[in-house]
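S.K.: I'd like to go over a predicted model; first the sequence, then the structure.
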Amino acid sequence: MTTKDILPDLLSSWEETYKKGQLTLWIFLALKDGQKYVDEIKKFIETKSNNTINCEEQSLYRNLRKYQHIDVVSFENKKGNKGPDRKYYFLTNMGAKLLEQFIDRNINLFFST
Amino acid sequence: MKNLSNSNLLKFSLTTILLTILFRVGLSTSLTNKMKIAVIVCAMGYTIIMWFNGYYFGKKEYEHLPIYNIGFRFHLSTFLAHNMVSIAWFLLAFESKYESIRIIYMTALIWSGFLLLHFSYFLTKRKSTIRNLDKEDLFE
């Protein structure tokens, strides 16, 4: 197997590993951008990640319930275009601080050297 | 503990009560009529259906919110529901003449030992949680 042959597989394998654990960051970034309901969060993540991160709505709901439980995310009901009220999620003060500190410790270091 | 839905636990407990009543009816009837096979079928049927009962509602509860003590809460609920129905069965004199309430007390005593073991495991696991969610399962 030549380098050219295995390079896509290596990249794909590395990306798979890299993507694990990214969903929380993307959800938080979506909510930092402003209050959103689940479909908007999904679209934000897919658009901003150039479709490299795919997330199921079920998975988003499950994560949001956990974040609500630990008080980093909250929601308020607002009227949707049609049908019942939608839950608009947002970061609480603690959630915003958590994201800020996470970015500071784990993301900013890429730009500080 | 906000956002913690107990509806699955409640449905599980109600199903457990219903299944235990059916088990008691089947067991007492089988014993009264000396139907050994029916006694075995009742016991095995009860065990298998109870397993599915726990699996179904436990999974639903975990998918809703993976609180670390789901297993213990369901275990405690089973213990209470089963033993309360069984004791009530005797107090209401529905038992067969071949059944003794001492068996119920002995079972509850042995079972409470396992429940205490489960409780100690629950306390140990608690240290690795944040607001009852497993630290390793918190962020994805």
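M.R.: In hand now; what should we look at?

S.K.: need the residue closest to the centroid of chain A.
M.R.: residue A:26 (2.0 Å; Cα atoms, centre = their mean).

S.K.: checking it next. Helix, strand or coil?
M.R.: Of the three states, residue A:26 takes helix under DSSP: H, G, I helix; E, B strand; the rest coil.

S.K.: same for the host helix or strand of residue B:82, what does it pack against?
M.R.: Following DSSP states H and E, the helix or strand that holds residue B:82 is helix B:70-91. With contacts taken as 3 or more Cβ pairs under 8 Å, 6 or more residues apart in numbering or on different chains; DSSP states H and E, helix B:70-91 sits against helix B:7-32, helix B:36-64, helix B:101-126. Bear in mind the C-beta positions are built from the backbone N, C-alpha and C, glycine included.

S.K.: ok, which of those comes nearest chain A?
M.R.: Among the helices and strands packed on helix B:70-91, the nearest to chain A by Cβ to the nearest Cβ is helix B:36-64 (6.7 Å).

S.K.: and residue B:106, how many residues sit next to it?
M.R.: For residue B:106, the neighbour count with other Cβ atoms under 10 Å in any protein chain shown is 11.

S.K.: quick one on the thing from earlier: buried residues, the helix holding residue B:82. List them.
M.R.: Across helix B:70-91, burial judged by 16 or more other Cβ atoms under 10 Å in any protein chain shown covers B:70-79, B:81-83, B:85-86, B:89-90.

S.K.: quick check: angle from it to helix B:36-64?
M.R.: Helix B:70-91 runs at 140 degrees relative to helix B:36-64, counting by axes from the mean of the first three to the mean of the last three Cα atoms, to 10 degrees.
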